[in-house]
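Novice: How does the following fold in three dimensions:
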Amino acid sequence: MQDILTIGSALIDIFIKSPHFEIEKSATGAKLCQMYGEKLEVSSFEVRTGGGGSNTAVGFARAGFSVASITETGNDVFSGVILDEFHKEFVSTRFVAQERKEQTGGSVILVGSDGGRTVMVHRGASSLLDPRDIPVVSLRDCKWVHLSSIAGRLETLQTIGDALQTSTGYMSWNPGRGELELLKTGRLRIQDMPCKIMFCNKTEWQSISALQQQILENVGEVIVTDGSSPGVVYLGAALSDAIEFTPPQSEAVDETGAGDGFAVGYVTGRLYGKEPAEALEWGLKNAQSVIQYYGAKEGLLTQAQMALA
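Specialist: Next comes the predicted model:
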């Protein structure tokens, strides 16, 4: 039996960087523009694995936990890359659903000379996790479940929630746009997802403003991040108990995976008995390490590295 089960996507990320990418600024932002039909030389072409379920699985494994990932891929070359990395990182693949008729999802990230990026995403099989893919008995027996976005698959979320209602373990949750929409429209209730720790960025948190109080009353710890700007940890419904925090300022090679690294670090700290303030330090340290590398996994820290003062 694993200590932690992660649920979410497993993808292939391809990073392409070129000094020839042109950035066109406008009143509404910046665009990465190229002449249609043109062939460009690139300075780097990096292939990494990504996706919330995959990133957090490797992160928790490096932190010293026994981990299995519940995710869906195709039965193709990219799936083989993901499985090989899981094996290398000692993540169990017993719950990886390989669908012969589906494609493994992935993204192409175009990185500008200023570090900015444009991301093109194909969710593929990772967005098709079905209730039959969920090992209900294992969820009930597991000590901890970390749920990332599963593209708002309502029946699958209900299956997960029902299983955890009768579990002796706990869950952390980093919902995506699809899950937040289900909460906003009432098709999914926060009470149906027995969540102990919830992660949102500021934009996501503001999008569910009408539900914030209800969430705070049902979730023990809600962490709201805002990139390099200050964030806050709500410890229950009493706003006076909130902890504000400011991420350390540093140059980022690539911000992909910062949120997953932060979630892994924070949850790891809490599972090792640390108070929220110290768990925050672990999360921030893990996220800062991740953004020094391309991809979401290379910089993930061990428990000992996160614990260093």
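
Novice: Send me stretch 51-71 as CSV with only the CA atoms.
Specialist: Coordinates of each C-alpha in stretch 51-71 appear next as CSV, following Å, rounded to 0.1, in the frame of the first residue of the first chain:
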residue,chain,number,x,y,z
GLY,A,51,1.1,17.3,-15.8
GLY,A,52,-0.1,17.8,-12.3
GLY,A,53,-0.5,14.1,-11.5
SER,A,54,2.9,13.2,-12.8
ASN,A,55,4.7,16.2,-11.3
THR,A,56,3.4,15.7,-7.8
ALA,A,57,3.9,11.9,-7.9
VAL,A,58,7.6,12.4,-8.6
GLY,A,59,7.8,15.3,-6.1
PHE,A,60,6.3,13.2,-3.3
ALA,A,61,8.5,10.2,-4.2
ARG,A,62,11.6,12.4,-3.9
ALA,A,63,10.4,13.6,-0.6
GLY,A,64,10.6,10.0,0.7
PHE,A,65,7.0,8.7,0.3
SER,A,66,5.8,5.5,-1.3
VAL,A,67,3.8,6.9,-4.3
ALA,A,68,1.5,5.6,-7.1
SER,A,69,0.0,7.8,-9.8
ILE,A,70,-3.6,7.5,-11.0
THR,A,71,-3.5,8.9,-14.5
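
Novice: can you pull the buried residues of that stretch?
Specialist: By 16 or more other Cβ atoms under 10 Å, the buried positions in stretch 51-71 come out as 51-63, 65, 67-71. Placement of C-beta: from N, CA and C, glycine included.

Novice: Same check on stretch 286-299?
Specialist: For stretch 286-299, the neighbour count (16+ other Cβ under 10 Å) marks 286-291, 293-299 as buried.

Novice: now that stretch, how far from the chain's geometric center?
Specialist: 13 Å (Cα atoms, centre = their mean, to the nearest Å).

Novice: CA atoms of that stretch as CSV?
Specialist: In CSV, the C-alpha atoms belonging to stretch 286-299 read as follows (Å, rounded to 0.1, in the frame of the first residue of the first chain):
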residue,chain,number,x,y,z
ASN,A,286,10.7,23.6,-3.5
ALA,A,287,9.0,25.9,-6.0
GLN,A,288,12.0,28.2,-6.2
SER,A,289,14.2,25.2,-7.0
VAL,A,290,11.9,24.0,-9.7
ILE,A,291,11.8,27.3,-11.6
GLN,A,292,15.6,27.2,-12.0
TYR,A,293,15.3,24.4,-14.6
TYR,A,294,13.3,23.7,-17.7
GLY,A,295,10.3,21.4,-17.0
ALA,A,296,8.5,20.7,-13.7
LYS,A,297,10.6,17.9,-12.2
GLU,A,298,14.4,18.4,-12.4
GLY,A,299,14.5,20.9,-9.5
